[in-house]
Structure formats: structure tokens, C-alpha cells
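Peer 1: sequence and predicted structure, then a few things I'm wondering about:
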Amino acid sequence: MTAVWRKTLASLRRRRLQAVIIGLVVLLAAGTATLALTLLFGSTNAYDQAFAQQRGAHVLQEFTGGATTVQLAHTARAPGVTAAAGPWRTDNITVEPARVPPDERQMVADFGPPKLGLEVVGRASPAGPADDLRLVAGHWLRSGNQIVLTRSFALAQSLAVGETLNAVVGSRRVPLIIAGEVIDVDEMDAANQSPQHAWVLPATLPRLIGPGDQPGYEMAYRFRHAATNAALRADLVPIKALLPAGALGFTRSYIDVRNNYNITSALVLTFLLAFSVFALGAAALIVANIVTGAVLAGFRDIGIMKAIGFTPGQVVQMLVLQMLVPALIACVVGIPLGLLLSRPLVTQSADALGLPPPAALSLPAVLLVIAGVVTVVAVSAALPAWRAGRLSPVRAIVSGTAPQGRKAVGLARALDRLHLPPTVRLGAGQAFARPLRAGFTAVAVLVGVATVTFAVGLRTTLMHGLNDPAFNGGDYQIEVSRLMQYPDARLMHTLRAQPQTQAIVARDWASVQVNGISQPVQSVFTRGDATKLGLRALQGRWYAAPGEAVAPEAFMKEAHLRVGDYFTGSINGRRLRFHLVGMMFDTAEFGRILYMDFSTLHRAMPGEVPADYLVRLRPRSDPTAYAIRVNRTSRADLTVNIQNNTASSVIATVNDVVLVLALVLAVIAAAAVFNTVLLNTRERVRDTAVLKAVGMAPRQAILMVATSAAILGLIGGILGIPAGVVLHGVILQLMANLVGNTISPLQYQAFSAPLLLGLVIAGMLVAVLGALLPARWAAYTGVAEVLHAE
Amino acid sequence: MLEAPDTTVTSARPVVAAEHLTRLYGEGQAQVAALRDVEVAFQPGTFSAVMGPSGSGKSTLMHLLAGLDRPTSGTVTIDGVELNGLNDKKLTLLRRQKVGFVFQFFNLLPMLTAEENITLPLRIAGERVDEASLRQLLEAVGLADRKEHRPAELSGGQQQRVAIARALITRPAVIFADEPTGNLDSQSSREVLDMLRRAVDDLGQTIVMVTHDAQAAAVADRIVFLEDGRIVRDEGHLTADQILDVMKVLR
């Protein structure tokens, strides 16, 4: 063993406590960084990999019945198209599972079999030049009475290969046996996209078209330029030109699908990356602090080492090693921990895409984390160590203690004038005696307080958002949909007859072709006062007259509209003039949606009746009893759903991750304060002994040390809170933008004055708690022992 | 000048007294006796020096007499109060009122000015600073024009004079000086010793000084010689040469 190693290990044993602090902080930093990087490499790859393997379509385009198959086949040769599949015949159908699971028997007895919507596609083969379907269970279609489902739909509805679905065609039921399950990379998860696609042989499709259905066609395209949604919109222009007006229906972009797959991990990832950078930064500050302190405390040691022949380089080497050893040990624990925690998140996205679970160990992620930790620790240790390396041995041995650079810091001088008790003033002096160290510590507290502030604010805002109908799609308990043959008036009569009914809002969807936008906009038309469900405009007002509309930000941006503007467009080929009277919050279609009154729809489609009905019940009504009563009036034609307001899983995940990470950073901040106070009190052990000799009581000594920490905590807290509030605003805006909306600061008022004051006090308390142990050591160290060392 | 401390008038009893004072360090085989059964007393208004070679127990004796350390056995009495029965807090309060210190390395607090260092004992005790007597004291130690300076801006001699003023400000029953000239050049040493001497002569202050500098000990009224933890000689005033002769025998 070399002398450098021997000395390093000996010093580590002597400074166990510091080694433990470094280890703890690096462990937390390495763990979060591994988690973040594994997720980053894992999840972005997963979708792209699946998309490439299955020749995913950049666009899945629906066409209304106006276009012919010949015309559609021509579009495959439109400029910019590199591959195309289809046209396939499509229709929206309703199916009822034949098998009733035992635990749902009561429900089926009460409500009848559940009715599930599917967009069924007539397709002969799963393979093709675009939008390959990957078979993951069963086999492809072999006969006319078979159907293939997406796996996410089968999972969501607990359906298995071999079971039968009855398609509702008018009053008939057409049985279809589930032949297989596929993964379609051009479709979002069943939780986020309804209806899901399902496939039957082309010859089967006409048998499924019921009275009142509007069958159409679908094609899958791959384009030369497909990097952005704007590029995709441009790609569709030549296709549109080949077809009769109004033939273009709904467009599904792979970018939206990819975003949807990645949105949870994208959000979590943003936080994790930011936090691991914070944590690594905090580790750097603490390491630099400890090394500086070790150099000062071991001044005499270093002088002696140099006197007996250590070169400056060896001194630096030794000090750097002293920090690297605990840091690497922390990596050994932290990295596997991070990998372990990343497992569920990584396998989840791979699983959803039907890919084999990725390797447990992401080598680039691990190497990057180790490289990051080593670099950060080595650099932050080497800089102060270099000073020790150049130290004159004579001076170090003769003086025995480090020279104390004393500059009156402005803040400490200002405190002098406040006529505070001497112990408090002395504490303040201690806090700033080493300005750099004071700065490091205050920054650590700042980061801790800022993230806790942010986390608390985010929780409050998200919870508030979940409870505010304007942000969660309206406050209603019952959703009823009816088959075409069941009259609207009869259902309305039934609903109105229920004494528990407080408000009924009926809805229908239609696409609106807005001038200046190439894609039709999916729009909601409401009959009845939608504001009675708690829906409201965040800006401007809710619509009240025909032609008036409200929309989320994404639509307004795309159409370059502001509240109050007029715009023109068409519904079902009929030109209309619209007035945008308000901005709302809605995440459907990533904010690319319009809300209008039913009277507007009637101008273009006079005979149209609503498709479903939202009912708000009077307070203290029983939604289940209500649903059963309504359903009994016509089990065959009505589907009644009870709305349960459960928090979105994305929000719950984000909330938990943020809270855990905030606590991690709070721990790091406390460790930083502990470390600083420890270094300060060790360095000042003689000053404290003198103070005690001239009459300072132990309690006063504790007060003095605690004050020094409290001041740093106060500064960190006061600066950390605005930082956290700003961060909260920025991140919320970012989250809202991801789903095509905007939130003004007024909407996320999450902080109250008492809360903020509480957080400042909490910052100080964390600092004081971190200081108490070293303070007690300072207070009870024997005076004679210290002075004897002279 | 300042008024004499109360103790000089009130009694002929010693200000500081030690009986059967023993201090052992370590345990078992490794046990070392720093002091063995020392008996010594210091009268009010006297300037005493404690001398002895390195390791003779000088500093240990001083720390025990000042109540900074606790004896293994034996008793210490300061101004009539026996230290053995006192807890940390009471001991602190006693030091506040009755004991002053001057150290070899000055031990001033670097972030405080000269004046703030001097008044520190009063302020820690929560007592009011009497501006008139502070001014008098600053003049007596020749630092009236340096009171706003911080220790780093003062010479070694000036720093030690600040330390002496800090010890005097509470008018303690006794001042312990631990090698007060050990870190000073000869010119500064003379100034510091002169100041201590005047504190005894003019103010009736009691001073116990630990030193191995014969020039310093020659200023004292009495010299106690220690060797291996025992008092081996107890002399009145001696010249520097006489002291060196005694020390030669001890070594």
C-alpha cells in the first residue's frame, strides 16, 4: 500500500462523520441521477423502437363517405408520401361482451351487459407498407365471424382470445369471436383513447353497419417530412387536393401518440433530471466545503506531511481520495437503488408497446452517473486541496492553525448595529466568518426550501384542479348514452322525471373545418346550460348564443385567435361565422377542441340530436340507485355510467415523485447545514473555549452556534421561497402547455401568507436542527483540554 | 485610575488557595500525574509567578486554580468559594465574577474590535458597560486610539494589551496569565509586564502568572517553582539571574 493510500484511509477513519455526510448526499444524488438517466434512455427509445419495427404510420387519416376507394388509393402517390396502406372501410360500432365475470353479475343484472364502443376496420392482413400490427396473442383473422382487438382494450375490459363479443346492429346482435390481440403503435392506450380500433375481415364489415351509422374509410401514411405536427399538416395538403371537399375526417398524428406514451415519464423525467442536477450540485458544495474545512483543520498535519516529504501533488491526491472513497461507496449503493426504482417505470412503457422488457442495467446511464459523481467530487475537492498542496510547511507547523482571513462582511456589520444580545451577534459573526462557506450553506438551504415550497404548491394546485369542475371536465355524476333508435325526447323525459336530477347537459360531437387550419377541429356541442356543471371560461365568458364558441389555448394558438375575435369555418360543408367569446381549460385532443351551443350545430345539421347526456344530481343523491332506475327504462338501448372522480394517475405519480424528491433535498440541505456548523465549531473550538473562560455559559454557547445556523437558514429560506413560487408557476405552465392549455397565475393561487411564513420558519428550523448537535459539542468541550493544546 | 477590587480591603485570607491538589491523566499503566498533592495560596494584591520546566505541571495548576479543569482530588478555593461543589453553570458564573485570563496566543475574537473584545466579559454577563471606566482602561493600556481596530490590525504587543484590559474590566479577584510574553518580542514583553505590574501596584490586582521566561518572573513578588507536579521551591522576589540559577538546578 502506498503512503498516500495509508494516510488517506487513516484520515477517513478519523473523519468518519464527514465521510458519512458525503456518502449520504452522493447516494441520494447518484440514485436520482440513475433513475432519471435510465428512464431517459429507456422510455424515449421504447416508442421509437416499436414505431420503427412496425413501420408506424406518421398519420392515420379518416375519410368521410364522400371519397371513393379509387380516389383514396391515388393519395398513396401524393407528393411527400413514402408509404401508404389502405384504404380500409371503417365504422363505429357498439359491442356487448357475452361472458359476464362472476363479480359483475349483479351489475349486469342491474344495468344489462356493458356497451363498449369500437372503431372497427375491415382489413385483410396485419402486415403492410405502413402501420404493421404486431400480433401478441391468438392469431390473425381467418373467418368472417372473428375480430382482433388491441391488447390495451382487451386488458382494460378483461377480455381474452376465444371469448365472444356481440356487435349491436340495430336490434340484432352479431356475434364476433376474439381471434387475437395486437399492438398498434398508432394508437394511444385505451385509458387515453376511445374508441380503440378493432379489425374484422373486409367482407365482415358491411354486416356490422347499422341504421344511422356513418361508415367511412381510413388510410395510414408515412411521409418524407414528419418531424413536427406542422410538417404533417403540410403533408396532408396535397392529399386533400386529390379528394372532394369535406372528405378529410379525423387525423391521428404519431407525435400525439408518442407524447401520450411519454407524457407521464416525460413529466417525471423533467423533475428527476432537475432534481439530480440539484442534488449533485449540493454534493459538490458540500464536498468543497468539507475539503476546505479539512485543509484548515489539518493545517499542521499537512505541514508535517510536507516536511517529511509528501509532494504537493500527493497532498492533493490524498485529500481528493479522502472524498472519492466515500463517494464511490455511495455510488455502489445509490446506483443499484436508482436502477431498482426505475424498473417499474421502464418496463411499463416497454410493456405497453409490446416490447421485451429492457435490460436491467443501462450501461450508458450507469457510466454517466459514475463519471458525473467522480468529476464533481474530484473537482470540488481538488480546488481547495490545491491550496493545501502549496502550503509552506514551516508556516503550517509554527503557527499550528490556519491563517484566518478576516474581512468584515457587510451583512455582519449591519447586524452589529441592531443592538442584539452579544451571543446572537457573535453567532452572526460566525455565520459570515467564512463567506464562501456561508454562501454554500445558504444555497443548500435555498434549494431545499425552494423545492419543498414547489412541492407543497404543486400538491395544492393539482388537488385544487382535480376538485374544480372547470379543470376536470365538469361536475356531473351520471353519463347516459343511447343507441340511435332510442328517441332523444323519451330519454330527456325519463331524466327530467327523476327528482334527484339537478341539471342535464346533452352533448354531441362534430368536426368543424376552421378557415386557415388544414385539420378539422373536433368540437363539442352542448344542449342545456353547461355552466351548471361548473364549466366556465378562464378568460372572457361562456357562450350564450348561436355562433359563439370557447376553446382552450392550443386551438387559439393554432388559429391565431384571441378572445373576442370572429372566425369563419364550416360544419358538414355549411359555411358559418363564429365568435370566440372565451378561453377554457380542457385537455381533450391536447387542447385542440371547440365548445359551442347545440343551436350552432343545428344551423348546419338541423336534424341532429345529442349522443350522450351528462346529469348533475342534487346533493346527497345516490348515483348508483339513480343509474339503475334510468337503465331499467331500456336496458337494450341505454348505457349508464357512474362518473367516479378519481385522481389521474399521471397527477398522482408526479405528486409523489415531487414530494419524495423535495424531502430528499430537504435532507441534503440539513446535511449541508450540519456539515458547515460542524466545521465552524471545530475550527472555532478555541474561540469558544476563550469565550467560556471569560464567562460564557453552555446555554449561551449553544444559542451562539444555533444563531449562526439560523441566520443562514433564514437567508436561504427567504430567497428559497420566491424561487419555489416562480418554479411552481413555470412548471405548471409547462404542464398545462404539454396538454395544450394555459393557466394564468390567478388560477393556481396555491400559496397563502401563513404557508410561506411557515416555510421560512421551517427552513430556519431545519438549519437550527442541523446545528444543534455540533452546538452541544461546542458548549460542553472542556476549556482546559483545548487551551492545553497550546 | 480604577478603583481597587473589593478583595484587597475585605480580607487577609488568600484570594486563591489549593489544598492537596492532585490531577491524574489517563488510566492504569498509562496514568500520568500532572500534579501531586500541591498546597499553595495567593494573597490579595500580590504578583506571583509559577515557573518550571516543560511538563512540570504549570498549566495544569493554572487551569485547576482558575476552575477550567477539575482536580482528581483536593480542593481549590477562589475568594472564599470552594469550587468542588459547583456545577458547570455555577462555575461559569464564578469565573465571570472573580477570574480574568491572559493567554499566550492572546485569544482575542477576530471578528470583534479591540473595544468589543475588552467589553466582551461584561456583555456576556449581560452587564452594562461603564463608559468612563472603559475610557480610563483604554488609556491605561495605551489603546485609546486603536479601540476600533480588529485584532488582525494590531501588533502582538497591542493584542496582548487588549487581552489584559479584557481581564481587568470585570475587576476580578484574580487574573491568571498563561505565558503572557511567550509570543512577544522583548520590547513588547517589557510593555506587557510593566502593565501587569502596574495593575498590581496601582489597582491592588492579584495576578498569578505562569511563565518560563526568567525576565518575566523577575517582575513578580513571589516565584513558585514546580517540578514533576510538585512545588519544589517557593521564593520571594528574585532577579532574572537568580531565577536562571534555580532553573539550572531543576533541570
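Peer 2: In hand now; what should we look at?
Peer 1: switch to C-alpha atoms for all contacts and neighbour counts from now on
Peer 2: Fine.
Peer 1: give me the distance between the closest residue to chain A within the stretch 1-150 of chain B and residue B:170.
Peer 2: Proximity of the stretch 1-150 of chain B to chain A (Cα to the nearest Cα) peaks at residue B:96, 4.4 Å away. Distance, residue B:96 to residue B:170, by Cα to Cα, to the nearest Å: 8 Å.
Peer 1: mutual contacts of the two, please.
Peer 2: residue B:121 (Cα atoms under 8 Å, 6 or more residues apart in numbering or on different chains).
Peer 1: helix or strand: which one has residue 90?
Peer 2: Just going to use chain A. Assigning secondary structure by DSSP states H and E places residue A:90 in strand A:81-97.
Peer 1: switch to chain B, that's the one I care about
Peer 2: helix B:88-98.
Peer 1: does anything pack onto that helix? Which helices or strands?
Peer 2: helix A:685-693 (3 or more Cα pairs under 8 Å, 6 or more residues apart in numbering or on different chains; DSSP states H and E).
Peer 1: let me know whether the helix it packs on sits next to chain B.
Peer 2: Yes - Helix A:685-693 is in contact with chain B by Cα under 8 Å from any Cα of the partner chain, via A:686, A:687, A:690, A:692, A:693.
Peer 1: could you dump these to TSV with pLDDT and distance to residue B:188?
Peer 2: Below are the residues of helix A:685-693 next to chain B laid out as TSV (pLDDT from 0 to 100; distance: Cα to Cα, whole Å):
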residue	pLDDT	distance to residue B:188
A:686	73	24
A:687	76	24
A:690	78	22
A:692	80	27
A:693	78	24
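Peer 1: can you turn the buried part of those residues into a PyMOL selection?
Peer 2: Buried members of those, defined by 16 or more other Cα atoms under 10 Å in any protein chain shown, are picked up in PyMOL with:
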select buried, chain A and resi 686+687+690+692+693
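Peer 1: which one of the residues of helix A:685-693 next to chain B is nearest to residue B:54?
Peer 2: Within the residues of helix A:685-693 next to chain B, the smallest distance to residue B:54 is 21.8 Å, found for residue A:686 (Cα to Cα).
Peer 1: count of residues packed around whatever residue of the stretch 601-750 of chain A ends up closest to chain B?
Peer 2: Minimum separation of the stretch 601-750 of chain A from chain B (Cα to the nearest Cα) falls at residue A:695, amounting to 4.4 Å. Applying other Cα atoms under 10 Å in any protein chain shown, we find 27 residues neighbouring residue A:695.
Peer 1: contacting residues around it?
Peer 2: Residue A:695 neighbours (Cα under 8 Å, 6+ apart): B:92, B:93, B:95, B:96, B:121, B:124, B:125.
Peer 1: tell me the strands beside the helix or strand following the helix holding residue B:90, with direction?
Peer 2: With elements assigned by DSSP H and E, the helix or strand that comes after helix B:88-98 is strand B:99-102. Its sheet considered, strand B:99-102 pairs with strand B:174-178 (parallel) by DSSP bridges.
Peer 1: put the alpha carbons of the strand it pairs with into PDB.
Peer 2: Coordinates of each C-alpha in strand B:174-178 appear next as PDB, following Å, rounded to 0.1, in the frame of the first residue of the first chain:
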ATOM      1  CA  VAL B 174      -7.600  37.200  40.400                       C
ATOM      2  CA  ILE B 175      -6.100  37.300  37.000                       C
ATOM      3  CA  PHE B 176      -4.400  34.200  35.600                       C
ATOM      4  CA  ALA B 177      -1.800  34.900  33.000                       C
ATOM      5  CA  ASP B 178      -0.500  31.900  31.000                       C
END
